[in-house]
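Colleague: sharing a model that was predicted from the sequence below.
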Amino acid sequence: MLSLFSKSENLIGLDVGSHSVKLMQAYTDNSTPRLLSMGIAPLPREAFIEGRLAKPEVVADAIRLLANHLKIKRKAVAVSISGYDVMIKKIELPTMTEDELAVRMHSELGQYIPYNIDEVDVDYQVIDVSKNRPNFMDVLLVAAKKESITDFNNILRLCGFDAFVVDVDFFALSNSFEVTYGFGDERVALLDIGANKSIMNIAYKGLPVFTRSISIGGNQLTDTIKDFFNISVEEAESVKLGESVGKYPMRDLEEIFVSTITGWMTECRRAVDFYYHNYPEEKIATLYLSGGSCRIPGLDKVLREHLDIPVEIFNPISRIQYEAKQFDPAYVDYIGPQMAISLGLALRKTKEK
Ligand SMILES: Nc1ncnc2c1ncn2[C@@H]1O[C@H](COP(=O)(O)OP(=O)(O)OP(=O)(O)O)[C@@H](O)[C@H]1O
Ligand SMILES: [Mg+2]
């Protein structure tokens, strides 16, 4: 259908995490994106069990309340699938037309994907001509578990939203980075540490070179505090955030933080070592840290020491336009890194692939 004059519009970015849901509305034309609204709503622990959606109605209620509070009227949203439910793979194929590629993908998909083809949704994109072989091209293959798409459909149906774009956390994070900080001519590692999980995306010029889900997150700290002092999750969470200072011995708390975070460093080191094993010459220039758990005091410094890579906090909201009257800059500084994925989603538009 001819649609020369229809305008593309930004979608509502909806990042459904296990600790909180985040909503963001932005406006983008050709200049710096402008923030229109942003909000976050906590979820009770039981909404997700071991990272899987357990109570869609609880999550939908939180989203609906937040959307009402933010006066969001649009129904078209962009959501993203967690790294755990996604496989990203780069394959090399002989240069061919789009139609030929579609036929080939249809018949040969099974050989590239380590899952049952009936259980995944697959998308692919030609990203470049192959560096190593003339007459070959690099194709990025993305397979997402259907189960996680069904989870989203359930949530969105309950809160009356339409999923217009189903993205992937890794891409939403790098999209957020590309538009705000910008990829130069060097490799950067993006690391988002949430509550239940973390994702690492080592990217070059916007394209993922290495993606990995790492099973570390803030819940581990909360749960260790909970078990150690035999207290509720809620109390443990507030102790972690430093809200019950003096009630529990500082020495014990320090020990819990040190031992948990030492474990995290081992996991991160393993991921970076794996990357260097494959790309020994391609140095990571900087690691950008986001997600709610990047607020753990000193985490950036510990990462820098363990990985021997410069580490910076990634706050994309500080690089877009917003009204200081509407959003307190101190709040933006605080919340920005946690909103990194939702911004990546809010940058997506209706009229695009
Ligand atoms: N000041 C702080 N100190 C330590 N941890 C913090 C702080 N602020 C937030 N967190 C932690 O950040 C985590 C929430 O981060 P985030 O919102 O990125 O997670 P999520 O996206 O909901 O979860 P996930 O993506 O893992 O499912 C929680 O574990 C929370 O306790
Ligand atoms: Mg998250």
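Modeller: Structure received. Values in this document were obtained by computation on a predicted structure and should not be read as measured data. Numbering: from 1, shown residues only. Ligands and ions are numbered 1, 2, ... in the order given.
Colleague: now do the strand or helix carrying V142: which elements does it pack against?
Modeller: Per DSSP states H and E: V142 is located in strand 136-145. Using 3 or more C-beta pairs under 8 Å, 6 or more residues apart in numbering; DSSP states H and E, the elements in contact with strand 136-145 are strand 86-94, strand 120-129, strand 162-168. (C-beta placed from N, C-alpha, C; glycine too.)
Colleague: repeat that for 7 Å
Modeller: strand 86-94, strand 120-129 (3 or more C-beta pairs under 7 Å, 6 or more residues apart in numbering; DSSP states H and E).
Colleague: check contacts around the spatially closest residue to F164 that is not a sequence neighbour.
Modeller: Distances taken as C-beta to C-beta, 6 or more residues apart in numbering place A76 nearest to F164, at 4.1 Å, with adjacent residues excluded. Residues near A76 by C-beta atoms under 7 Å, 6 or more residues apart in numbering: 11-12, 162, 164, 350.
Colleague: now with 10 Å?
Modeller: By C-beta atoms under 10 Å, 6 or more residues apart in numbering, the contact list for A76 reads 9-12, 161-165, 348-350.
Colleague: okay, the helices and strands packed on strand 136-145 in TSV with distance to D151, mean neighbour count and mean pLDDT next?
Modeller: Output for those, formatted as TSV (distance: least, C-beta to C-beta, whole Å; neighbours: other C-beta atoms under 10 Å; pLDDT from 0 to 100):
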stretch	distance to D151	mean neighbour count	mean pLDDT
strand 86-94	13	16	92
strand 120-129	13	14	90
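Colleague: how about the ones you listed, which one is nearest ligand 2?
Modeller: strand 86-94 (13.7 Å; C-beta to the ion).
Colleague: pull out the buried positions in the next helix or strand after the closest one.
Modeller: Note on strand 86-94: by DSSP H and E, the next helix or strand toward the C-terminus is helix 98-112. For helix 98-112, a neighbour-count test (16 or more other C-beta atoms under 10 Å) marks 101, 105, 112 as buried.
Colleague: list the neighbouring strands of the strand holding V142 plus their orientation.
Modeller: strand 86-94 (antiparallel), strand 120-129 (antiparallel) (DSSP bridges).
Colleague: for burial, what's the neighbour tally of the nearest residue to K205 once chain neighbours are set aside?
Modeller: In space, and not counting its chain neighbours, K205 is closest to F183: 5.1 Å by C-beta to C-beta, 6+ apart. Neighbourhood size, F183 [other C-beta atoms under 10 Å]: 15.
Colleague: surely F183 is in a strand?
Modeller: No: F183: not assigned to a strand; according to DSSP: H, G, I helix; E, B strand; the rest coil it is coil.
Colleague: need the contact list for the closest residue to ligand 2 within the stretch 151-300 of the chain.
Modeller: Residue nearest to ligand 2 within the stretch 151-300 of the chain: G194 (3.5 Å; C-beta to the ion). Contacts for G194 (C-beta under 10 Å, 6+ apart) come out as 15, 17-20, 82, 169, 216-219, 290-294, 338, 341.
Colleague: out of these, list just those in helices.
Modeller: Taking DSSP state H, the ones among these that sit in helices are 169, 218-219, 341.
Colleague: that's a strand at G13, yeah?
Modeller: Yes: judged by three-state DSSP, G13 forms part of a strand.
Colleague: so it touches T28, yeah?
Modeller: No: contact criterion C-beta atoms under 10 Å: G13 and T28 do not qualify, at 11.4 Å.
Colleague: shared neighbours of these two, anything?
Modeller: 346-348.
Colleague: mind naming the longest helix for the protein?
Modeller: helix 250-278.
Colleague: let me see the mean pLDDT of it.
Modeller: Averaged across helix 250-278, the pLDDT comes to 97.
Colleague: that helix: which residues count as buried?
Modeller: With burial defined by 16+ other C-beta under 10 Å, the residues of helix 250-278 counted as buried are 253, 256-257, 260-261, 264-265, 268, 271-272, 275.
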